[in-house]
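Asker: Take this sequence and fold it.
(chains A and B)
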Amino acid sequence: MPRTEQMIAQGLTLVDAINEALYQEMERDSRVVCLGEDVGLNGGVFRVTEGLQKVFGPERVIDTPLSESGIMGTAIGLAMAGMRPIPEIQFEGFLGPAYDQLVNHAARYRTRSRGAVTVPMVVRVPVGGGIHAPELHSDSPEAIYAHTPGLKVLMPATPYDAKGLLLSAIRDPDPVVFFEPKRVYRSYREEVPEGDYTIPIGQAKVLAEGTDLTLVTWGASVHQCNDALDTLPEDVSVELIDLRTIAPLDVETIVQSVEKTGRCVIVHEAPKTAGFGAEIATTIQEYCFLHLKAPVQRVAGFDTVMPYYKLEQQYLPDAAKVSEAVMQCLAY
Amino acid sequence: MPIKTAYQAKVEYLQIMDEHGVVDEKLAKDAMSDQDILELYQYMGKCRVLDETAFKLQRSKRMGTYPQNKGQEACAIGAGFSLKQGVDYLVPCYRENAALWMHGLPMHYIFLHWMGDERGNQIPKGVCQLPLCIPIGTQMLHATGIAWAFKMRKEARVAMTFFGDGATSEGDFHEAMNFASAFQVPCIFFCQNNQWAISVPREQQMNSATVAQKALAYDMPCIQVDGNDLLAVHKAAKDFVERARAGGGPAFIEAVTYRLADHTTADDARRYRDPQEVEAWVNKDPMIRLRKYLTAKGLWNDAKQAALDEAAKQNATEVVRAAEGIEKPAVTDIFDYTYAEMPRELEIQRRTMRTSSLGQRPEQAGLNAPGVAANHE
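Answerer: Got it, this is the predicted structure:
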């Protein structure tokens, strides 16, 4: 939607940036439609689609039945028939009922049909904990989808990246799962270009350059890692990498950094075992074995069910846990 | 307060030609012409022979598992004949080969599919259909979405999706029906109720008197037809397709038919089916009644049948030759259609044909220096 005075003066939140990308792309491309539970009149439960239905009408910003597999499956059909659907699954926990359609169909149709039938769509999904939500509203399932050939998996951490990555995702010829870290939705504002710009899928961003240790993370954890950097001794030089794209993984950026630093800590909210950090650690030992000065460390969620919110802060990686892991890895 | 009726509905059953080839003259007036019946009977014969040929190929290890269509051809052909080729969209399960061929799918593609070759799913441009759908009941949502796109773009096109009685137990079936109804999209739901979902009979699959009545929950017009009666299937399909094309919304057809063969070549229905039940349905075969009808009309005789059998055999030989004559796919095909643009790690695996990493640095795999996107076309 057009920018408000607050946005002009103070910048955009993550919600604002995603909303602006949707608005601009719907204006540019009549094939783009948004569909999902409460995305229309109500503007989505997080207000990400706020105002879009008023501008583009109920036929392009569609309130669907409460039916995740229905949303995913019909979006696949729309995409096959030449539209550019953007289904929203209200919370990551509700990807469960849509899993079959996403993984067994959206992800596989290009291969199954040897390129004859394709599914260009962006599945928008709020993700992660830290917002005092009920059960199944706080999980981090990105590794499941990164383990699905045929899907691309994004998780921007900043308003700037969110807008540029979402525009890339909508224009991508393949299905993209676009995870939006809820904890960041309104946590801060930043300057975002008003015009059209894209950020390539599959490119990580080096947020801070450093020489002693590489910190790899994505999503809301980027901000915890940033906070951790402020708590470290001044003579410690950490390189902070925000993946932005989980799949396809930007191996080059990670490998180049770890070859330089010889040490790496990976941070994610999802449970540790078989989390995406495991893939990164393996990749590092495959490519950087002789450069390593310490075992690659993971700071992750526990291998438990995500607790209800009274204990969620104890579950989630925070700046203190990250700092501790960094110092231990440096001392190894 | 007296109790009022909140909702009332009925399900009609349509049969135009009975199993002896006798038609209801009043209903037949509105049905297809004798010329069409003659042509479609011959086409059905061709499809039947292809089906038997596929079965034999499997038995001689020249094809993988194959699900026979035998006995259900009136469903596929009657429904398919109601659609406009290149305009309307078919979203199949895997027991309506005849409809797919009728709408432009090269015949050997189905054979390729069951020979374990994805090129059988590579629907040619201009052919409006999805490939065969192996999991049960997932495709109705895709059909609904496709029909929805037609409605959004104000195109006078219809999508038709096929599935069996078992599929109507799946959640996706109900989600598709609800979406199609809520958004009034031009989608026809065609249920081939062949009485068996592998070994589970329809009566055990559901406690509903008809499958068609499931549409009533979504306020969708529905009908139950004799699925072995080409004329009834076509009449029902044509009426609903025209209605949908004119903006009337979705509809549901339950075609009562029978799976004469095993579920697939990997199945043995003798383990769970009464042979007398099968025998009774053999006599209701859609081809038998059409032949009787055409013979009575003086449009068919033994000489014509012999010529048809010969032509169908000839056709099957050519189809098998096309399916078996194609070169084995390049092994790189397993990589090349995962994404439109090949991710770098996948490109490395493709070039080295392994996933172990030593010796797999990009430069060792013959790729550009780091940072340059790998592009495969």
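
Asker: Quick check: the residue of chain A found nearest chain B vs B:Arg157, distance?
Answerer: The nearest approach of chain A to chain B comes at A:Gly77, 1.8 Å away (CB to the nearest CB). Where C-beta positions appear, they are placed from N, C-alpha and C, glycine not excepted. Distance, A:Gly77 to B:Arg157, by CB to CB, to the nearest Å: 13 Å.

Asker: more crowded one of the two?
Answerer: With neighbours defined as other CB atoms under 10 Å in any protein chain shown, A:Gly77 and B:Arg157 compare such that A:Gly77 has more, 32 against 22.

Asker: Contact partners for that one?
Answerer: The neighbours of A:Gly77, taking CB atoms under 8 Å, 6 or more residues apart in numbering or on different chains as the test, are B:Leu141, B:His142, B:Ala143, B:Thr144, B:Gly145, B:Ile146, B:Ala147, B:Trp148, B:Ala149, B:Ala159.

Asker: Tell me who's in contact with A:Gly210.
Answerer: Residues touching A:Gly210, when contacts are defined by CB under 8 Å, 6+ apart, comprise A:Ser237, A:Val238, A:Glu239, A:Leu240, A:Thr261.

Asker: what residues are up against the fourth one?
Answerer: Counting by CB under 8 Å, 6+ apart, A:Leu240 makes contact with A:Val206, A:Leu207, A:Ala208, A:Gly210, A:Leu215, A:Thr217, A:Val222, A:Cys225, A:Asn226, A:Leu229.

Asker: what helix or strand does it sit in?
Answerer: Secondary structure assignment for A:Leu240, by DSSP states H and E: strand A:238-242.

Asker: ok so, going back, now the common contact residues for A:Gly77 and B:Arg157.
Answerer: B:Ala147.

Asker: Pipe the contacts of A:Leu240 into a markdown table and attach pLDDT, distance to B:Phe252 and secondary structure per row.
Answerer: As requested, these are arranged in a markdown table below (pLDDT from 0 to 100; distance: CB to CB, whole Å; DSSP: H, G, I helix; E, B strand; the rest coil):
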| residue | pLDDT | distance to B:Phe252 | secondary structure |
| --- | --- | --- | --- |
| A:Val206 | 98 | 57 | strand |
| A:Leu207 | 98 | 55 | strand |
| A:Ala208 | 97 | 60 | strand |
| A:Gly210 | 98 | 63 | coil |
| A:Leu215 | 98 | 57 | strand |
| A:Thr217 | 98 | 51 | strand |
| A:Val222 | 98 | 50 | helix |
| A:Cys225 | 98 | 54 | helix |
| A:Asn226 | 97 | 56 | helix |
| A:Leu229 | 97 | 61 | helix |
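
Asker: Kindly reformat those residues as CSV containing distance to A:Glu20.
Answerer: Written out in CSV, the entries for the contacts of A:Leu240 read as follows (distance: CB to CB, whole Å):
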residue, distance to A:Glu20
A:Val206, 25
A:Leu207, 22
A:Ala208, 27
A:Gly210, 32
A:Leu215, 30
A:Thr217, 25
A:Val222, 21
A:Cys225, 26
A:Asn226, 24
A:Leu229, 29
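
Asker: and residue 44, how many neighbours?
Answerer: All of this refers to chain A. By other CB under 10 Å, the residues close to A:Gly44 number 23.

Asker: wrong one, I was asking about chain B
Answerer: When neighbours are defined as other CB under 10 Å, B:Met44 has 23 of them.

Asker: Specify the local secondary structure of it.
Answerer: Each residue gets one of three states, and B:Met44 gets helix by DSSP: H, G, I helix; E, B strand; the rest coil.

Asker: do B:Gln224 as well
Answerer: Here B:Gln224 is strand, with the state taken from three-state DSSP.

Asker: Show me the helices in the stretch 1-150 of chain B, by range?
Answerer: With DSSP state H, counting those that start in this stretch as the criterion, the stretch 1-150 of chain B has helices at B:25-28, B:34-59, B:73-80, B:97-102, B:107-114, B:139-152.

Asker: scratch that, the stretch 1-150 of chain A is what I was asking about
Answerer: A:5-10, A:14-28, A:52-56, A:68-80, A:95-99, A:109-112, A:142-146.

Asker: Restrict the longest one to CA atoms and write it as PDB.
Answerer: In this case it means helix A:14-28. Output of helix A:14-28 as PDB, limited to C-alpha atoms (Å, rounded to 0.1, in the frame of the first residue of the first chain):
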ATOM      1  CA  LEU A  14       9.000  -6.200   8.000                       C
ATOM      2  CA  VAL A  15       5.200  -6.200   7.600                       C
ATOM      3  CA  ASP A  16       5.300  -2.900   5.700                       C
ATOM      4  CA  ALA A  17       8.000  -4.100   3.400                       C
ATOM      5  CA  ILE A  18       6.200  -7.400   2.500                       C
ATOM      6  CA  ASN A  19       2.900  -5.500   2.100                       C
ATOM      7  CA  GLU A  20       4.600  -3.000  -0.200                       C
ATOM      8  CA  ALA A  21       6.100  -5.800  -2.300                       C
ATOM      9  CA  LEU A  22       2.700  -7.500  -2.700                       C
ATOM     10  CA  TYR A  23       1.100  -4.200  -3.500                       C
ATOM     11  CA  GLN A  24       3.600  -3.200  -6.200                       C
ATOM     12  CA  GLU A  25       3.800  -6.700  -7.800                       C
ATOM     13  CA  MET A  26       0.000  -7.000  -7.900                       C
ATOM     14  CA  GLU A  27      -0.100  -3.600  -9.600                       C
ATOM     15  CA  ARG A  28       2.600  -4.700 -12.100                       C
END
